[in-house]
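**Student:** requesting a structural model of the entry that follows:
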Amino acid sequence: MLTVVRLGTVFFTFPLVVTTAIGMADEAGSLHCVQPVADKGDCKAGSLLTHIFELRNSGASPVLITRVESSCGCSRLLVSQREVPPGTTALLSLELATLTQPEGLQRWPVRVYYRDKAEDTKEKTLELLVCARIVREIEVQPTRLIISASGATAHTITIRDQRSRPLTIRRVTSVSPFVTTRVESTTPGHYRITVGIAEQTPEGEHDGSISLWTDDPAYTELRIPVFIWRRPARNVHLVPEEVTFHRVPGLLSSQIVQLRLHGDGAIHIAEAQSDHPAIEVKYPEGKHRISAVRISIPAGAELPATGAALIRLRLTEPQCETVVIPVRWVIPVVKP
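**Tutor:** Residues are numbered from 1 along each chain as shown. Down below sits the predicted model:
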């Protein structure tokens, strides 16, 4: 029986050059993948893209997989075992929610970090890649739902399937017990889904992703990422608490978020991360009474018309905590 261990997954952006060396570890590395590049062909946006990499230890000593990382915040990575004895294979499973992906050819790099137990503690890397051509047939707005609230709230997702034989949603489920859903439909293929967040939702981050189960074999499960940030009581206040960009394609979009401290002390931002490769975040070094971060979308960023991302700030002062900033963008419709 396969025992699945989920490693802590960090989402970040890193450059990846596809060469004949992809999938090969350091010269002294012993973890390899026979097929490091997976071409999944055409993939319909909304369907679940999955792939399993076989990671083989060709060395003479056990290998310890310390972490696995993906450049996409809508992916899940599962490894069958952390320790890989010599001559054996571990399975790395990638599960990607494609609904938020832009149309066309897309690439999702994955990095595996590991070390040989018999050698020093130096970490080595194995680079993998999944690519597919995203084809969009069904309109879902928004494709990713980010909910930041201090109490009970509700948000709406709309589905439009204008094909000659539209799908029928049979049921809706959520991974969170704090999420409720209600489905309404006025015409075939057009749905309105109300996503409610309960008052008793604990403070902090929660995965509230929902799955729409349909009668269409090509879209058996439409998975919509739902991120819940139940704002905790804290000494640091964000102004604004959320960022919305009204983008003009070809122009830089940028906003400042201030961090203000209630009480004595200073604010120190140790790290800032975006879970979307096109969203940039910059922060100041050192300690400040009032600090700030700049969140930007570069002029040449390739993004869908609407979308969402998360910025995570790791603070070490006035106390160790993670602060989340939801980011949304839209391209306003210009009426003729």
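
**Student:** in the helix or strand hosting Val140, which residues are buried?
**Tutor:** Element membership for Val140 (DSSP states H and E) is strand 139-141. Within strand 139-141, the residues scored as buried using 16 or more other Cβ atoms under 10 Å are Val140. For glycine as for every other residue, the C-beta is placed from the backbone atoms N, C-alpha and C.

**Student:** in its sheet, what does that strand sit against?
**Tutor:** Neighbouring strands of strand 139-141 in its sheet, by DSSP bridges, are strand 153-160 (antiparallel).

**Student:** got the contact list for the partner strand?
**Tutor:** Residues outside strand 153-160 that contact it (Cβ atoms under 8 Å, 6 or more residues apart in numbering): 138-142, 145, 147, 169, 189-197, 212, 222, 224.

**Student:** can you flag the buried ones in those residues?
**Tutor:** Taking 16+ other Cβ under 10 Å as the criterion, what is buried in these is 138, 140, 142, 145, 147, 169, 189, 191, 193, 195, 197, 212, 222, 224.

**Student:** out of the contacts of strand 153-160, which sit inside strands?
**Tutor:** 139-141, 145, 147, 169, 190-197, 212, 222, 224 (DSSP state E).

**Student:** just the pLDDT for Phe227.
**Tutor:** pLDDT recorded at Phe227 is 90.

**Student:** next: Glu241.
**Tutor:** In this prediction, Glu241 has a pLDDT value of 89.

**Student:** likewise Ala152?
**Tutor:** Predicted confidence (pLDDT) for Ala152: 84.

**Student:** next one: phi and psi at it?
**Tutor:** Main-chain torsions, Ala152, degrees, to the nearest 10: phi -70, psi 140.

**Student:** which residues in the stretch 1-150 of the chain form helices?
**Tutor:** In the stretch 1-150 of the chain, no segments count as helices under DSSP state H, counting those that start in this stretch.

**Student:** give me the number of residues near the nearest residue to Pro249 once chain neighbours are set aside?
**Tutor:** Excluding the flanking residues, the one nearest Pro249 by Cβ to Cβ, 6 or more residues apart in numbering is Ile331, at 6.5 Å. Look at Ile331: counted by other Cβ atoms under 10 Å, it has 14 neighbours.

**Student:** surely Ile331 and Gly307 touch.
**Tutor:** No - taking Cβ atoms under 8 Å as the definition, Ile331 is not a contact partner of Gly307, at 10.0 Å.

**Student:** show me the shaky parts of the stretch 51-200 of the chain.
**Tutor:** 71-73, 120-121 (pLDDT under 70).

**Student:** repeat that for 80
**Tutor:** 71-75, 97, 118-121 (pLDDT under 80).

**Student:** can you give me the strands for it?
**Tutor:** 63-70, 75-79, 83-84, 89-97, 104-116, 124-135, 139-141, 145-149, 153-160, 169-174, 179-187, 190-197 (DSSP state E, counting those that start in this stretch).

**Student:** now the angle from the last one to strand 179-187?
**Tutor:** When you say that, I think you mean strand 190-197. 160 degrees (axes from the mean of the first three to the mean of the last three Cα atoms, to 10 degrees).

**Student:** what's the angle from strand 190-197 to strand 145-149?
**Tutor:** Using the same axes, to 10 degrees: strand 190-197 against strand 145-149 is 30 degrees.

**Student:** next helix or strand past strand 190-197?
**Tutor:** As assigned by DSSP H and E, the chain's next helix or strand after strand 190-197 is strand 204-207.

**Student:** for that following strand, name the packing helices and strands.
**Tutor:** strand 226-230 (3 or more Cβ pairs under 8 Å, 6 or more residues apart in numbering; DSSP states H and E).

**Student:** walk me through which strands the strand it packs on pairs with, and which way each runs.
**Tutor:** Partners of strand 226-230 in its sheet, by DSSP bridges: strand 145-149 (parallel), strand 204-207 (antiparallel).
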